[in-house]
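*Asks:* Provided below are the primary sequence and the corresponding predicted coordinates.
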Amino acid sequence: SQQGEEDPQALSIQEGENATMNCSYKTSINNLQWYRQNSGRGLVHLILIRSNEREKHSGRLRVTLDTSKKSSSLLITASRAADTASYFCATDAGGTSYGKLTFGQGTILTVHP
Amino acid sequence: SQTIHQWPATLVQPVGSPLSLECTVEGTSNPNLYWYRQAAGRGLQLLFYSVGIGQISSEVPQNLSASRPQDRQFILSSKKLLLSDSGFYLCAWTFPGPQRNNEQFFGPGTRLTVL
């Protein structure tokens, strides 16, 4: 079953605005990852945040993690039309899970030029 | 550098026909390999994973099977396809061993339509 749940399911914004996507999960994790998928393509890894980290930045991306609330958010600042894609959070339970990830249902982001 | 290939890119098959999807990884040894299915462009469901040749773990009971005949080759099969097997199939790999904070690298996917 899918552990992660993204919110909102779809987000439509104008170029230059910020986009915020949220993810909730149910069980303890070793890390949480965000991936991007362009229509009809494979997923591309964006950023990983460990369970002992609270915030992480990469370029225009900012990820937060609140393990007490079992939630994470992905912020894309100054969005561009090229950011239009689906975004997924994925949790890694760690231990001997051999890197298995549990994916959420995703947020479809549309950035209008 | 590492690359991952999947083929075919698209496939249309009749109900009851067999299936074979192939995934190969280049530039790394003994990767952990994964097969996912994605329905209607939404979340991914993990189907199988493998930590070595001949070692396959199934995550959900289904009409599909997987095999790993070579270190960097992962095959998804079915003897008789069902309509419900339609979807987007993604192969992924990550570095070997019990994982500590490693990302997964995805192939381009195979779009399967069962009619």
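*Replies:* Done, it's in. Numbering: from 1, shown residues only, chains lettered A, B, ... in the order given.

*Asks:* going by C-alpha atoms from here, please, whenever you check contacts or count neighbours.
*Replies:* Noted.

*Asks:* what values do phi and psi take at B:P14?
*Replies:* phi -80, psi 150 (degrees, to the nearest 10).

*Asks:* give me every residue that touches it.
*Replies:* B:81, B:114-115 (Cα atoms under 8 Å, 6 or more residues apart in numbering or on different chains).

*Asks:* any idea how far chain A is from it?
*Replies:* Using Cα to the nearest Cα, to the nearest Å, we find B:P14 at a distance of 22 Å from chain A.

*Asks:* neighbours around the closest residue to chain B within chain A, how many?
*Replies:* Ranked by Cα to the nearest Cα, the top residue of chain A for proximity to chain B is A:Q105, at 3.9 Å. Summarising burial for A:Q105: neighbours were counted as other Cα atoms under 10 Å in any protein chain shown, giving 24.

*Asks:* surely it is in contact with B:L44?
*Replies:* Yes: proximity of A:Q105 to B:L44 meets the contact threshold set by Cα atoms under 8 Å, at 7.4 Å.

*Asks:* ok, back up a step: excluding sequence neighbours, find me the nearest residue to the residue of chain A closest to chain B.
*Replies:* Among residues not flanking A:Q105 along the chain, B:G43 sits closest, at 3.9 Å (Cα to Cα, 6 or more residues apart in numbering or on different chains).

*Asks:* and the helix or strand that contains A:I49, what's buried?
*Replies:* When elements are assigned from DSSP states H and E, A:I49 belongs to strand A:43-50. For strand A:43-50, the neighbour count (16 or more other Cα atoms under 10 Å in any protein chain shown) marks A:43-45, A:47-50 as buried.

*Asks:* wait, does whichever helix or strand comes after that strand make contact with chain B?
*Replies:* Along the chain past strand A:43-50, the next helix or strand (assigned with DSSP H and E) turns out to be strand A:55-58. No: contact between strand A:55-58 and chain B is absent, the nearest approach being 14.2 Å (criterion: Cα under 8 Å from any Cα of the partner chain).

*Asks:* which residues touch A:K70?
*Replies:* The neighbours of A:K70, taking Cα under 8 Å, 6+ apart as the test, are A:24-28.
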